[in-house]
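**Student:** starting from these lines, generate the structure:
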Amino acid sequence: MRRGELRPGTKSPRCPSWMRPEAKAAWRLLVPKLARLGLLTEIDGNALARYCDAWARWKSAAESLAKNGEFYTKKGADGTLLGVFPHPAAGQYIKLAQMLNRLESEFGLTPSARADLAQPKQVESQDNSKRRFFA
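**Tutor:** Numbering: from 1, shown residues only. The predicted structure follows:
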C-alpha cells in the first residue's frame, strides 16, 4: 500500500454466480494471490469479474484459432476463390488481448505493473556542493 492511499478494507470480493466456468477458474486462481499481495479488496470485484470474463473469452478465441486456423478461404457458387479472410475469432482475440493488458496493469499482473506498484525508494542525500553550477 502506498502512503496516503485509500484502503477500502481487506475482505476479498465474492465470485459472481453468472460467470462461465472458465472465468470462475481464473477467479479462484487469482483472488488468493492478489489478496496475499494486498492488491485486492471487496470493491474490486467488478473489475476482477471483467478481467476473468475477458480472459475466458480470450482463451476461447485462442482455442478456436488453434483448431480452425487464423484464416479461411471463401469460394463463390461456381467454386472460384473469392479470397482469404481472417477468422472472425482473430479480431476478438486481439481486442480481448488489449483489454486484458489494460486490466492486468490495474491488478499488477505484469512485471512492469508490479514495478509501478512498488513503494518509492528513499533518495539518499547527495553532495549539493556543485548544485549552484547546474541550477
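
**Student:** which ones are touching the residue nearest in space to the middle of the chain?
**Tutor:** When CA atoms, centre = their mean is applied to the chain, the residue found nearest the centroid is E104 (2.7 Å). By CB atoms under 8 Å, 6 or more residues apart in numbering, the contact list for E104 reads 51, 110, 113. Glycine gets a C-beta too; all of them are placed from N, C-alpha and C.

**Student:** what about the second one, distance to N101?
**Tutor:** This means T110. To N101, T110 is 8 Å away according to CB to CB, to the nearest Å.

**Student:** ok, the last one next?
**Tutor:** Here the distance between A113 and N101 works out to 10 Å (CB to CB).

**Student:** these two: which is more packed in?
**Tutor:** A113 (15 against 12; other CB atoms under 10 Å).

**Student:** state the helix or strand in which that one lies.
**Tutor:** helix 111-117 (DSSP states H and E).

**Student:** mean confidence for that helix?
**Tutor:** In this model, helix 111-117 has an average pLDDT of 80.

**Student:** give me the below-cutoff pLDDT ranges for the chain.
**Tutor:** Flagging of the chain using pLDDT under 70 yields the residue ranges 1-9, 118-135.

**Student:** much appreciated, bye for now.
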